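the following comprises the amino acid sequence and a computationally predicted model.
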Amino acid sequence: MNLTITAAAARFMRMMVLTDGAPGGGFRLAVKPGGCSGLSAEMEVAALPAAGEQAVTTAGVKLFLDAQSRLLLEDVTIDFADTAASTGLVFHDPKQQAGCGTDRNAA
């Protein structure tokens, strides 16, 4: 799987797991088509992968991903943004054409 997680996003995800998770837990990321970047995501900290999910470790972060999410996240870069307008994960998908407004990368 070719997925890039920036240092800022990895720090955010690790902090969430440390704060809300159990030892050995991970970050569940369920990605679906939609949103300005072409992707919308639901996320939560989880102790174990759910049925049908695979544990994938990238940038020191254990992600729990279902099959659709693994496909949609191929070649995507996940970053973390903290701006006046929003705070959270941002998905940069090179396969997606410009969507909402002028920022093609906001999720």
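Right, received. Where do you want to start? Numbering: from 1, shown residues only.

and Val90, how close does it get to Gly21?
Computed as CB to CB, to the nearest Å, the Val90 to Gly21 distance reads 22 Å. Heads up, the C-betas are built off the backbone N, CA and C, glycines and all.

in terms of neighbours, single out the busier of the two.
Set side by side, Val90 and Gly21 give different neighbour counts by other CB atoms under 10 Å, the larger being at Val90 (20 against 17).

quick one: that one is in a helix?
No. Residue state for Val90 (DSSP: H, G, I helix; E, B strand; the rest coil) corresponds to strand; a helix is not indicated.

quick thing: my sequence starts at 85, can you match it?
OK, 85 is where the count begins now, so the last one is Val174.

contacting residues around the residue nearest to Leu157 when sequence neighbours are not counted?
Taking CB to CB, 6 or more residues apart in numbering as the measure, Leu157 lies nearest to Leu87, with 5.0 Å between them; neighbours along the chain are not counted. For Leu87, the set of contacting residues under the criterion of CB atoms under 8 Å, 6 or more residues apart in numbering consists of Val140, Thr142, Leu157, Glu158, Asp159, Val160, Thr161, Ile162.
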